[in-house]
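J.: here is my input; please provide its structure:
(2 chains)
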Amino acid sequence: SQQGEEDPQALSIQEGENATMNCSYKTSINNLQWYRQNSGRGLVHLILIRSNEREKHSGRLRVTLDTSKKSSSLLITASRAADTASYFCATGQGAQKLVFGQGTRLTINP
Amino acid sequence: NAGVTQTPKFQVLKTGQSMTLQCAQDMNHEYMSWYRQDPGMGLRLIHYSVGAGITDQGEVPNGYNVSRSTTEDFPLRLLSAAPSQTSVYFCASSGTNRHEQFFGPGTRLTVL
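T.: Residues are numbered from 1 along each chain as shown, chains lettered A, B, ... in the order given. As a prediction, this is how the structure comes out:
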């Protein structure tokens, strides 16, 4: 069974707006990662947040982690058409056994 | 560096046929994994390896075999293909003490 559950399943916004997607998980984790998948392509790693961190930034990405609620959020600011993709959270005890959620399909409208 | 490469990109099999999906990486990564992705779903782990000669099962290993004779290569074998194995297969690798995985472009497999 998959541990991560993303919400919403699909999100459509206008270019320039901010996009927020959420991930909930069930068991304790060492870290949580976010990946992007463009249509028909492999996944690309975006950002990793460790269990002892609460917030992390990378460019236009902001990730938060609340271990008490077993949830994380990914915020993409000032969205661009190129941000159109599916976004997945992944949790794991180690690099080799990641468990992925079902993903959020993000569409950025021009 | 080519990163993680997978062949073939597309494959159509008949039920009962066998085949091997190839995966190679040139980053000297210890960890390699195979996932399958079904429509509207996330990735599910099939098998993984923490180094040459060491493999272990993931969430959905039935119907698949793997071996890891070298650091670079991690082939996935379907012994007797079934329609339920129709999916997109991704290979990934990661380095020691690193958690992010690098993914190949995928193999789209259809079993008729």
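J.: and the closest residue to residue B:107 other than its chain neighbours, what pLDDT?
T.: Nearest non-adjacent residue to residue B:107, counting by Cβ to Cβ, 6 or more residues apart in numbering or on different chains: residue B:89, 4.7 Å away. To be clear about C-beta, it is placed using only N, CA and C from the backbone, and glycine gets the same treatment. Residue B:89 is assigned 98 on the pLDDT scale.
J.: beta partners of residue B:89?
T.: On the basis of DSSP bridges, residue B:89 is bridged to residue B:36, residue B:107.
J.: wait, it touches residue B:33, no?
T.: No - judged on Cβ atoms under 8 Å, residue B:89 makes no contact with residue B:33 at a distance of 11.0 Å.
J.: OK, contacts around the residue nearest to residue B:107?
T.: Counting by Cβ atoms under 8 Å, 6 or more residues apart in numbering or on different chains, residue B:89 makes contact with B:6, B:21, B:34, B:35, B:36, B:37, B:46, B:76, B:106, B:107, B:109.
J.: likewise for residue A:15?
T.: By Cβ under 8 Å, 6+ apart, the residues touching residue A:15 are A:79, A:80, A:81, A:108, A:109, A:110.
J.: could you pull up phi and psi at it?
T.: The phi/psi pair for residue A:15 (degrees, to the nearest 10) reads phi -60, psi 140.
J.: which secondary structure state is assigned to residue A:33?
T.: strand (DSSP: H, G, I helix; E, B strand; the rest coil).
J.: just to revisit the earlier point, just the buried subset of the contacts of residue A:15, please.
T.: The neighbour-count test (16 or more other Cβ atoms under 10 Å in any protein chain shown) marks A:79, A:108 as buried among those.
J.: would you turn the contacts of residue A:15 into JSON lines with pLDDT and secondary structure?
T.: Putting the contacts of residue A:15 into JSON lines (pLDDT from 0 to 100; DSSP: H, G, I helix; E, B strand; the rest coil) gives the following:
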{"residue": "A:79", "pLDDT": "97", "secondary structure": "coil"}
{"residue": "A:80", "pLDDT": "97", "secondary structure": "coil"}
{"residue": "A:81", "pLDDT": "96", "secondary structure": "helix"}
{"residue": "A:108", "pLDDT": "97", "secondary structure": "strand"}
{"residue": "A:109", "pLDDT": "95", "secondary structure": "strand"}
{"residue": "A:110", "pLDDT": "91", "secondary structure": "coil"}
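J.: remind me which residues of chain A are low pLDDT?
T.: A:1-3, A:93-96 (pLDDT under 70).
J.: now the strands for it?
T.: For chain A, the strands defined by DSSP state E occupy A:5-7, A:10-14, A:19-24, A:31-37, A:43-50, A:55-58, A:61-66, A:71-76, A:85-92, A:99-100, A:104-109.
J.: touching chain B at all, the second one?
T.: What that stands for is strand A:10-14. No - Strand A:10-14 lies out of reach of chain B by Cβ under 8 Å from any Cβ of the partner chain, never closer than 10.2 Å.
J.: sheet-wise, list the partners of that strand with their directions.
T.: strand A:104-109 (parallel).
J.: over to the first one?
T.: Strand partners for strand A:5-7, identified by DSSP bridges, are recorded as strand A:19-24 (antiparallel).
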